[in-house]
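# Give me a model of this one.
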Amino acid sequence: MTDPLAEKLGINVQGGTVNVQNLNLGIAERLEQSGDHVRILVVAANPLGSSPLKLDHEVKTIQEALRRSRKRDNFVVEYRLAATPSELRRALLDVEPHVLHFSGHGAGEQGLLFVSDESASAIYRSEGGEVRSRSTSTNEIKFVPAQPLANLLKLCDEHLECVVLNACYSDVQGNAISTNIPFTIGMRDQVADHVAIKFSQGFYDAIGAGKGYESAFKWGKVAIEFDLANNEASQILVLRKKGEPFSKSSPVVTMSPLDPQTPTSDKERSPITTKPSVSILMMLLLTSIAGLRRRI
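Predicted coordinates:
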């Protein structure tokens, strides 16, 4: 069976694995010759009931990275803030993005966190441009598990080349999505908010400079390592290519909401606390003693 995106870009598919050599060319450079623009869809969600994140800061970081790039005229960026599942589905139809970027919380097997459609009617934008909610509910969370998300994105395989899931434990979703999409970036563990934002900066700096997805992923990681002097956090990020076998990269945990009053600067992109088994507790104890695990 012919892969529509691979056929469009002249990519060979051998044994179910995509030969991504052509995709290692920067997308801006590839589309520039045809006069087309790179379409990026940024979807952000921080529903009530989950710990607060600086998503507006990440959106501005992505904007600035592309605005200052030498290929800035080649990009069109669309945003869906305080996004619901329905808004994501409709935006994929409207925008037909080459790159989908999700910014928010992840909870492993439970899924990515979106604002529930039921509470979306209470959301409005303030005079200052901030997204706020009139809802009195303490919980607006709608979990979207891996397989429904992968099924949705499979319908976009004629144009979607890369999915960035900038959320904790999102490698579970990344694995499912990579069955059909050439490149997927997820996280195998928890990550601090400022680290996730720094990855976005490095990644889109490189995309704007004409780098391919695999190279941009490396630039994002090195931004964490170089700018933040944090080698450990950069190892949380995982790049998956279409057709590659999956190796489980994070422990199975039981999840429950965090106290939303925890200071934003200390937040990780997971709305959860973990209740690990005895073996996981021992692992955490040993790594704490060794000073290897970063505590937020």
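# What segments of the protein are helices?
Taking DSSP state H as the test, the helices found in the chain are 4-9, 27-32, 55-67, 85-95, 146-154, 171-177, 193-208, 213-227, 231-234, 278-290.
# tell me what the longest one is packed against?
Translated: helix 193-208. Identification of packing neighbours for helix 193-208 by 3 or more Cβ pairs under 8 Å, 6 or more residues apart in numbering; DSSP states H and E yields helix 27-32, helix 55-67, strand 99-104, strand 162-166, helix 213-227. Glycine gets a C-beta too; all of them are placed from N, C-alpha and C.
# Can you name every helix or strand that the last one contacts?
Spelled out, it's helix 213-227. Helix 213-227 packs on strand 183-187, helix 193-208, helix 231-234, strand 237-241, going by 3+ Cβ pairs under 8 Å, 6+ apart.
# residues in contact with that helix?
20, 23-24, 27, 161-162, 182-183, 185, 195, 198-207, 211, 230-231, 233-234, 237, 239 (Cβ atoms under 8 Å, 6 or more residues apart in numbering).
# now do 6 Å
Contact with helix 213-227 is made by 24, 162, 183, 195, 198-199, 201-203, 206-207, 230-231, 233-234, 237, 239, as judged by Cβ atoms under 6 Å, 6 or more residues apart in numbering.
# And stretch 98-111, by the same measure?
Contacts for stretch 98-111 (Cβ under 6 Å, 6+ apart): 27, 38-46, 50, 55, 58, 112-113, 143-145, 161-170, 172, 255, 269, 271-272.
# Any regions of the stretch 51-200 of the chain where pLDDT drops low?
For the stretch 51-200 of the chain, applying pLDDT under 70 flags the ranges 119-125, 129-139.
# Residue 126: neighbour count?
For residue 126, the neighbour count with other Cβ atoms under 10 Å is 8.
# If you could redo that for residue 70, that was the one I meant.
That count, for residue 70 with other Cβ under 10 Å as the rule, works out to 10.
# likewise residue 127?
5.
# returning to that earlier point: which one of the helices of the chain lies closest to residue 79?
Evaluated over these, closeness to residue 79 peaks at helix 55-67, with 6.3 Å, by Cβ to Cβ.
# Next, the angle from the closest one to helix 193-208.
Helix 55-67 and helix 193-208 are oriented at 20 degrees to each other (axes from the mean of the first three to the mean of the last three Cα atoms, to 10 degrees).
# sorry, back to before: okay if I get the helices and strands packed on helix 213-227 as TSV plus mean neighbour count?
Putting the helices and strands packed on helix 213-227 into TSV (neighbours: other Cβ atoms under 10 Å) gives the following:
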stretch	mean neighbour count
strand 183-187	28
helix 193-208	24
helix 231-234	17
strand 237-241	22
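# Return the most buried member of the helices and strands packed on helix 193-208.
strand 162-166 (a mean of 28; mean count of other Cβ atoms under 10 Å).
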